[in-house]
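*Asks:* The following comprises the amino acid sequence and a computationally predicted model.
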Amino acid sequence: MLTIVTENTDRLLLTRAEIAAVVPESDNAALDALNARVSALIVKACNVARAGATPPTLRLESVSDTFRLKSLQDVLMLSRMPVVSFASLTEAGVSLTEGTDYECDRSAGLLYRLSGTERSSWACGTIVVSYSAGWQTVPHDLRELACKLATMIASEAGRDASLGAMEIPGVLSETYRFGRPDDPLVPAEIMEGLQRGGYVNRNAIG
């Protein structure tokens, strides 16, 4: 179970200046709406885990995962990645130390129990992991993908006058689609870039 400890209210992947550079004809309100739309689409494509009603984000947040194990587990899959730091980790109420009691593949969010110098199994019971994960500064390649998606949305919306009534003229529409109505919201080339960059969370469910 994922809990947000400290929410990051800045979920945008681009600054206003960055998105204005690729959609220069738009006013600030339209730019902000497009930026929010692009960021939300990429977060959804990356399968970022959600906690309740709090919108998910790729930006840095402090979170907590609670595991209630009914059998031995070789690895725990954290809800968010990449892991930046650990605040605490308890197993059956006992505090564990990184590097001595456990180790983590921080990029993938995979947590391993240690016994001496060898990997062991996580025991049955409750394990609570408090940690920070995500990006404080948006990586260059992720910004580039966000800019490319913004350009695609703005360009496509400008060419298709039939898009729905909830339009920001020349920028986007709530009924925007890539080609057919059943096409994915994030096109294949953007999705491939997100996968190559390691931004797609394979640990999250749903």
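*Replies:* It's in. Residues are numbered from 1 along each chain as shown.
*Asks:* per-residue confidence averaged over stretch 82-89?
*Replies:* Mean pLDDT, stretch 82-89: 98.
*Asks:* Now do the buried residues in it.
*Replies:* If you call a residue buried by 16 or more other C-beta atoms under 10 Å, then stretch 82-89 has these buried ones: 82, 83, 84, 86, 89. Any C-beta I mention is one placed from the backbone N, CA and C, and that applies to glycine too.
*Asks:* Tell me the secondary structure of the fourth one, please.
*Replies:* When the structure is reduced to helix, strand and coil (DSSP: H, G, I helix; E, B strand; the rest coil), residue 86 reads as strand.
*Asks:* which residues does it bridge with?
*Replies:* Note on residue 86: beta-bridge partners by DSSP bridges are residue 131.
*Asks:* if we can go back for a sec, and the buried residues of stretch 82-89, which is closest to residue 188?
*Replies:* residue 82 (24.3 Å; C-beta to C-beta).
*Asks:* tell me the phi and psi of that closest one?
*Replies:* Main-chain torsions, residue 82, degrees, to the nearest 10: phi -80, psi 150.
*Asks:* Ok, residue 129 next?
*Replies:* phi -120, psi 120.
*Asks:* how about stretch 86-100: buried residues?
*Replies:* Buried residues in stretch 86-100 (16+ other C-beta under 10 Å): 86, 89, 91, 96.
*Asks:* rewinding a little: can you put the buried residues of stretch 82-89 in CSV and add distance to residue 26?
*Replies:* Putting the buried residues of stretch 82-89 into CSV (distance: C-beta to C-beta, whole Å) gives the following:
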residue, distance to residue 26
82, 32
83, 37
84, 34
86, 42
89, 46
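*Asks:* follow-up on the earlier one: and which of the buried residues of stretch 86-100 is nearest to residue 68?
*Replies:* Ranked by distance to residue 68 (C-beta to C-beta), the buried residues of stretch 86-100 are led by residue 91 at 11.8 Å.
*Asks:* what's near enough to touch that closest one?
*Replies:* 101, 122, 123, 125, 126, 127 (C-beta atoms under 8 Å, 6 or more residues apart in numbering).
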